[in-house]
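Asker: just coords:
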């Protein structure tokens with residue numbers, strides 16, 4: 001299972017930190033589309049609830065080959 005940090009994906013989708021301060025509806029739609037195209041499970045939790053183990057397990061159960069890790073803290 002491949003794991004990728006949300007910042008890496010945002011940097012590809014929105015070069016030069018164009019995502020920073022942007023419209024989160026547009027950003028979320030782009031991330032969702034990236035997940036569909038890359039068979040990725042978007043795991044987003046606050047720091048207190050964040051678990052790489054849970055992220056990997058949920059992605060596996062969803063039939064995904066990639067976990068997009070997003071710490072909401």
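Answerer: Nice, I can see it. Because the structure is predicted, anything quoted here is derived from the model rather than measured.

Asker: and the next element down the chain from the host helix or strand of residue 26?
Answerer: Assignment of secondary structure by DSSP states H and E places residue 26 within helix 24-37. Counting by DSSP H and E, the next helix or strand C-terminal to helix 24-37 is strand 40-45.

Asker: Can you list the strands that that following strand pairs with?
Answerer: strand 66-71 (parallel) (DSSP bridges).

Asker: re the thing from before, which outside residues touch the helix holding residue 26?
Answerer: Taking contacts as CB atoms under 8 Å, 6 or more residues apart in numbering, the residues outside helix 24-37 that touch it are 6, 9-10, 13-14, 19, 40-42, 68. For glycine as for every other residue, the C-beta is placed from the backbone atoms N, C-alpha and C.

Asker: nearest to residue 62, of the residues you listed?
Answerer: Nearest to residue 62 among the contacts of helix 24-37 is residue 41, at 5.1 Å by CB to CB.

Asker: Leaving out chain neighbours, which residue sits closest to the closest one?
Answerer: Using CB to CB, 6 or more residues apart in numbering and skipping residues adjacent in sequence, the residue nearest residue 41 is residue 59, 3.6 Å away.
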